[in-house]
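S.K.: here is a sequence together with a model predicted from it:
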Amino acid sequence: MDRPAARPAEDAPCPCGRADFGRCCGPTLGGAPARTAEDLMRARFSAFALGDAAFVAATQAAPLSGPLPAVRWTKLKIERVEGGGSDDVTGCVEFRAFFLAGRKRQVLHETSRFARRGGQWIYRDAVPRGG
């Protein structure tokens, strides 16, 4: 996906599934800092779902290694959050991200690690999980 999809309406469901876009990932995708590592995880999922490579690149430590995957992200399930609160400097979010690759349903299960730099949460790296 080279171009981001149109942003959802403020009262539309957020791609991450937590709340309305305007009360969930919309502000963070619009430039407001994420309050927690989980908030950034959700915003990054929404950015992947919307094809917003600029947001994905701006919120991670390493440069993007290529274009975003050409898949349809369908659901995010947060499994576990460790740290990553407003008073923390690091955090981990274990999640399952469901997607369609062609007609095949698949799931990405990993633990993403985050750090706070200059008052902003940033994605550091990920530890793949089984299943």
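M.R.: Thanks, I have it.

S.K.: from the centroid of the protein, which residue is nearest?
M.R.: For the chain, the residue nearest the mean C-alpha position is R44 (2.1 Å; Cα atoms, centre = their mean).

S.K.: ok, that one to L76 distance?
M.R.: 10 Å (Cβ to Cβ, to the nearest Å). Glycine gets a C-beta too; all of them are placed from N, C-alpha and C.

S.K.: strands of the protein, start to end?
M.R.: 72-83, 90-101, 104-117, 120-128 (DSSP state E).

S.K.: got the CA positions of the longest helix along the chain in CSV?
M.R.: Assignment by DSSP state H gives helix 37-50 as the longest helix of the chain. Below are the C-alpha coordinates for helix 37-50, written out as CSV (Å, rounded to 0.1, in the frame of the first residue of the first chain):
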residue,chain,number,x,y,z
ALA,A,37,2.6,2.0,25.1
GLU,A,38,-0.7,0.3,24.6
ASP,A,39,-2.1,3.4,23.0
LEU,A,40,0.8,3.6,20.6
MET,A,41,0.4,-0.1,19.8
ARG,A,42,-3.2,0.5,19.0
ALA,A,43,-2.4,3.5,16.9
ARG,A,44,0.3,1.6,15.0
PHE,A,45,-2.2,-1.2,14.3
SER,A,46,-4.7,1.4,13.0
ALA,A,47,-1.9,3.0,10.9
PHE,A,48,-1.1,-0.4,9.3
ALA,A,49,-4.8,-1.0,8.7
LEU,A,50,-5.1,2.4,7.0
